[in-house]
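Undergrad: no sequence for this one, just the structure:
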């Protein structure tokens, strides 16, 4: 294979899926040229005057949209592991005798495992998206015909906007919609809160199909997806499994180690002087992140400090911050529980955002770089603060990137991780797969100690004299290896067989994933 | 001059402003080809990481945006006759020694009269937009160097989207904005309600400048204009004159003739069976339209009928319909009084719309064709139901088109007009300037009688036996001519000198305006 090393020292093949790959050139170094892409000009004369775009079935909609071999079909993942629409699309395509489709979801989940059979049979050529669980394993084993291309949420928006990925048909599952195609995620039995992951799809796809199980008379307000972008509307009994779309409750960790990590993180933000009036932060919806929010909330109340905004994925705990007026706003990309959905529906200070506003690196700025502190996870972090979120130390691709890369542009990026998992150290000499360059990662917090990136002299100075266990990262690594009995074994992979590429936010390739040996 | 007759029988020159003109081909007949335009791909690396895009002055912003000779500068008209920003742009350009600019506002008003001196001196080459009052007269007299091009609100969006008009620099005056460029019209001393007329400008211009007199910390919510499209933010003391932006109160006509027209119109809608549960209508903010809303409201209450939505321009009277639950929603393109602004700010059922959602003819449908009845005005209507809204019978160009053409696609388009103005008949043999083809105009209501377009056999049937004064249009015309002493004199114009072109919603030319002889 032809290829060369990128600016991070990772070998990148000359081509991915037969198209030239641009190697990562360093943060902020690759400058795009040209114009954004656009969709075809259409005429109202070709659309129903009464605004009723309802067609009798998904199959009819796909037929009218001109589905044919080799097309790219996109879907969104706001229903997470409860999505019931994507499988039906490819089942229908199979019945129609269509082959060689590219599936371009905003993420794939275990519920999509049935699409593996369509990849085996050739209906689906490959998936270009985050590959969670079984789809990731399928790819890692070298069974997928095309190469996976993993992008962050912002990078996916960028790839569509920049014309890198052309969507022939977007299928947007919507908890509520009207016959014109206006749609939102706020109400209906499949309510998921918002539909931001489908925004680019609606704007740039040639044809757009909205699928809903809650059709209401025009106008569906708010129109998170605008009907003016929509060609066809389809109703079906169930577009998702509500129990898998949002959880009734989100659970705080009970693990003493993770609670300690959460407490360290909240204390770090307080002691670093980040927690002050008008500040902002983003944390995820994992058990540690939720515990962190509770610790920080107590500190905020003690110090009488109010945030200007917090970023979702929202949960009950963020909603409480808003309702107790400890933040002016929640700017939210996805709602993780029913409280999040309710709050977004009822509270105008709980604002839905999109990968365009939050994360698109080829925009005139985005929200991510304005966040004072972000708390993220990782599967591996190395001594140069590089981090991995997609593969495990055995090389297996099992996770998508979500907005992880996009969030690294925060003023203070903290990776809050357990020091080991299943007796495999998380802090390593060199990450198996590079997803985030160390220059953007400021702090690593484990239950065994806190490491501050030496580049962040300001943080080192601010924390001088702190009672927090601040140590060099190498020291934490040694301690973990002592506990786990050494560093992880190198993955057994076939370096001649690239199964997936990891894009950086600007569309360059920061690393690749290799086939895992059986 | 070369040219030919269009499908409406109007002569169209081969070129307008040196570019080929496409003659009108009939409603829904001209089908566009190709892709929408797009703006350049940019990188967050070139924008401030902290999101602060504030520059010290309008001049600095124009300089950084690369203002130079021959560029197209756009502005919006949500401040109506109270705008203080457009004049400053061209005063600044004059100081910078810039020449030959094209001004592309969403409409020009008498408050912009000072730009005439910049046209005389060559700073501004010409205005491509609705030309109200003095600007229209300047154009009509043949003094403007370029030819005026008049477009409806939807047609302006379309012309930008289709790449027909390329905006180099958009300047968006915003009553509230944050340093990132998120902006809305809901709050601040210059509150105008919404900023929809500037939407296309923000999406498609190469450079976007937001000017505000109310800068608030990020995030400005809601972001009617998204900061991700904005390059620079400028603050100034006053962006508008609040007394001219919205009126404290909107006034109902006291003219007995106009009250009669309003009553006829409301009765017509009731008797035609349009006024039923779930119906929709749009009326303007003129004195007759307001009176119509009051009459219709009484009928709705009597019949216990509720509308699904009403279209703004909103006023106190529409807001009362919403607050008294006589409509589920107001879908609003501009707020005409303080009640409208308040309601849009406070009531999520009072939804802001844009020329994209409401009117763009090169979209996948738009809202206008879903409205059950629309009540509009006209300067002239002819016996074939063709109508004019831009010139008077003397040929003078004095009015813009607003959303008038876009609204003609309603299910029942009613022109409610006085039978004569200043003793000049409104119903004529042939309109001076054709703006709307008769096939889209269903009913003409004057105080002397109501004419139903013979094409609308359904309406003729529904109104059979009505006590409303339904008559052939020729009969009404004769009666008016008897009162006024004959038909209007033909305009004294120079047919060799085209001063402006009237576009149809699809970008074809439906008619032209000629120089008025001194």
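TA: Arrived safely, thanks for sending. If you're wondering where the values come from, they're calculated on a predicted model, not measured in any experiment.

Undergrad: buried ones in the helix or strand where residue A:91 lies?
TA: According to DSSP states H and E, residue A:91 maps onto helix A:86-95. Residues of helix A:86-95 classed as buried by neighbour count (16 or more other C-beta atoms under 10 Å in any protein chain shown): A:86-94. (C-beta placed from N, C-alpha, C; glycine too.)

Undergrad: near chain B, anything from stretch A:148-160?
TA: No: counting by C-beta under 8 Å from any C-beta of the partner chain, chain B has no neighbours in stretch A:148-160; the shortest distance is 8.7 Å.

Undergrad: By residue count, tell me the biggest strand in chain A.
TA: strand A:493-503 (DSSP state E).

Undergrad: what's that one packed up against?
TA: helix A:134-140, strand A:148-150, strand A:509-516 (3 or more C-beta pairs under 8 Å, 6 or more residues apart in numbering or on different chains; DSSP states H and E).

Undergrad: May I have the strands that pair with it, each with its orientation?
TA: Here strand A:493-503 has these sheet partners by DSSP bridges: strand A:148-150 (parallel), strand A:509-516 (antiparallel).

Undergrad: As TSV, those with mean neighbour count would be great.
TA: Putting the strands paired with strand A:493-503 into TSV (neighbours: other C-beta atoms under 10 Å in any protein chain shown) gives the following:
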stretch	mean neighbour count
strand A:148-150	28
strand A:509-516	24
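
Undergrad: Leaving out sequence neighbours, find the closest residue to the closest residue to chain B within the stretch 201-350 of chain A.
TA: When distances are taken as C-beta to the nearest C-beta, the stretch 201-350 of chain A reaches nearest to chain B at residue A:228, 4.4 Å away. If the residues on either side of it in the chain are set aside, residue A:228 comes closest to residue B:363, at 4.4 Å by C-beta to C-beta, 6 or more residues apart in numbering or on different chains.

Undergrad: The one you found and residue A:184: what is the separation?
TA: Distance, residue B:363 to residue A:184, by C-beta to C-beta, to the nearest Å: 19 Å.

Undergrad: do residue A:435 as well
TA: 32 Å.

Undergrad: same check, this time on residue A:335
TA: Relative to residue A:184, and taking C-beta to C-beta, residue A:335 is found at 12 Å.

Undergrad: Please identify which of these two sits among more neighbours.
TA: residue A:335 (32 against 26; other C-beta atoms under 10 Å in any protein chain shown).

Undergrad: can you tell me which residues contact the more buried one?
TA: When contacts are counted by C-beta atoms under 8 Å, 6 or more residues apart in numbering or on different chains, residue A:335 touches A:185, A:192-194, A:246, A:312-314, A:341, A:343-344.

Undergrad: can I get those residues in TSV with neighbour count and distance to chain B?
TA: Shown next, in TSV, are these (neighbours: other C-beta atoms under 10 Å in any protein chain shown; distance: C-beta to the nearest C-beta, whole Å):
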residue	neighbour count	distance to chain B
A:185	30	16
A:192	30	19
A:193	31	16
A:194	30	14
A:246	27	22
A:312	28	13
A:313	23	17
A:314	30	15
A:341	24	16
A:343	25	14
A:344	26	12
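
Undergrad: Narrow those to those in helices?
TA: Mapping the contacts of residue A:335 onto helices (DSSP state H) picks out A:341, A:343-344.

Undergrad: Tell me which residues touch the spatially most central residue of chain A, please.
TA: Note on chain A: the residue nearest the mean C-alpha position is residue A:402, at 1.4 Å, using C-alpha atoms, centre = their mean. Residue A:402 makes contacts with A:107, A:130, A:152-153, as judged by C-beta under 8 Å, 6+ apart.

Undergrad: If you count neighbours, what's buried in stretch A:125-133?
TA: Per 16+ other C-beta under 10 Å, stretch A:125-133 contains these buried residues: A:125-133.

Undergrad: Which ones among those map onto strands?
TA: Among the buried residues of stretch A:125-133, the residues falling in strands (DSSP E) are A:125-127.

Undergrad: Model confidence score at the nearest residue to residue A:171 once chain neighbours are set aside, please.
TA: Excluding its sequence neighbours, the residue lying closest to residue A:171 (C-beta to C-beta, 6+ apart) is residue A:209, at 4.8 Å. pLDDT for residue A:209: 98.

Undergrad: Overlap of the contact sets of residue A:335 and residue A:184?
TA: With C-beta under 8 Å, 6+ apart, residue A:335 and residue A:184 have common neighbours residue A:194.

Undergrad: Can you check my assumption that residue A:374 lies in a strand?
TA: Yes: according to DSSP: H, G, I helix; E, B strand; the rest coil, residue A:374 belongs to a strand.

Undergrad: For it, give its distance to chain B.
TA: Distance of residue A:374 to chain B, computed by C-beta to the nearest C-beta, to the nearest Å: 14 Å.

Undergrad: tell me which residues form a beta bridge with that residue?
TA: For residue A:374, the beta-bridge partners under DSSP bridges are residue A:282, residue A:413.

Undergrad: CSV for the ones in helices among the contacts of residue A:335, including pLDDT?
TA: Shown next, in CSV, are those (pLDDT from 0 to 100):
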residue, pLDDT
A:341, 96
A:343, 98
A:344, 97
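
Undergrad: Helix or strand next in line after the helix or strand of chain A with the lowest mean pLDDT, which one?
TA: Using mean pLDDT, DSSP states H and E, the weakest-scoring helix or strand in chain A turns out to be helix A:242-245, at a mean of 90. Counting by DSSP H and E, the element after helix A:242-245 in chain order, helix or strand, is helix A:256-271.

Undergrad: any idea how far that following helix is from the chain center?
TA: 24 Å (C-alpha atoms, centre = their mean, to the nearest Å).

Undergrad: Give me the buried stretch members for that helix, please.
TA: A:258-271.

Undergrad: Among these, which one sits closest to residue A:216?
TA: Looking at the buried residues of helix A:256-271 and their distance to residue A:216, the nearest is residue A:262, at 41.5 Å (C-beta to C-beta).

Undergrad: so what's the closest one up against?
TA: A:253, A:288-289, A:291-292, A:294-295, A:416.

Undergrad: now do residue A:188
TA: Contact analysis of residue A:188 by C-beta under 8 Å, 6+ apart lists A:175-176, A:212-214.

Undergrad: now it: how far from residue A:236?
TA: 12 Å.

Undergrad: Overlap in contacts, the two.
TA: By C-beta under 8 Å, 6+ apart, the residues touching both residue A:188 and residue A:236 are A:212-213.

Undergrad: ok, back up a step: of the buried residues of stretch A:125-133, which is the nearest to residue A:350?
TA: residue A:130 (25.7 Å).

Undergrad: tell me which element the closest residue in space to that closest one that isn't next to it in sequence falls in.
TA: Ranked by C-beta to C-beta, 6+ apart and with sequence neighbours excluded, the top spatial neighbour of residue A:130 is residue A:400, at 2.2 Å. In this structure, residue A:400 sits in neither a helix nor a strand according to DSSP H and E.

Undergrad: Give me the distance between residue A:508 and residue A:7.
TA: Distance from residue A:508 to residue A:7, by C-beta to C-beta: 9 Å.

Undergrad: who's more crowded, the two?
TA: Between residue A:508 and residue A:7, counted using other C-beta under 10 Å, the more crowded position is residue A:508 (19 against 16).

Undergrad: Confirm that residue A:415 sits in a strand.
TA: Yes: Residue A:415: assigned to a strand according to three-state DSSP.

Undergrad: Surely it touches residue A:374?
TA: No: Residue A:415 lies out of contact with residue A:374 (C-beta atoms under 8 Å); the separation is 9.6 Å.

Undergrad: Pipe the contacts of residue A:262 into TSV and attach pLDDT and neighbour count per row.
TA: Output for the contacts of residue A:262, formatted as TSV (pLDDT from 0 to 100; neighbours: other C-beta atoms under 10 Å in any protein chain shown):
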residue	pLDDT	neighbour count
A:253	91	18
A:288	94	24
A:289	95	25
A:291	97	26
A:292	97	31
A:294	97	16
A:295	98	18
A:416	98	28
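
Undergrad: Okay then, goodbye and thanks.
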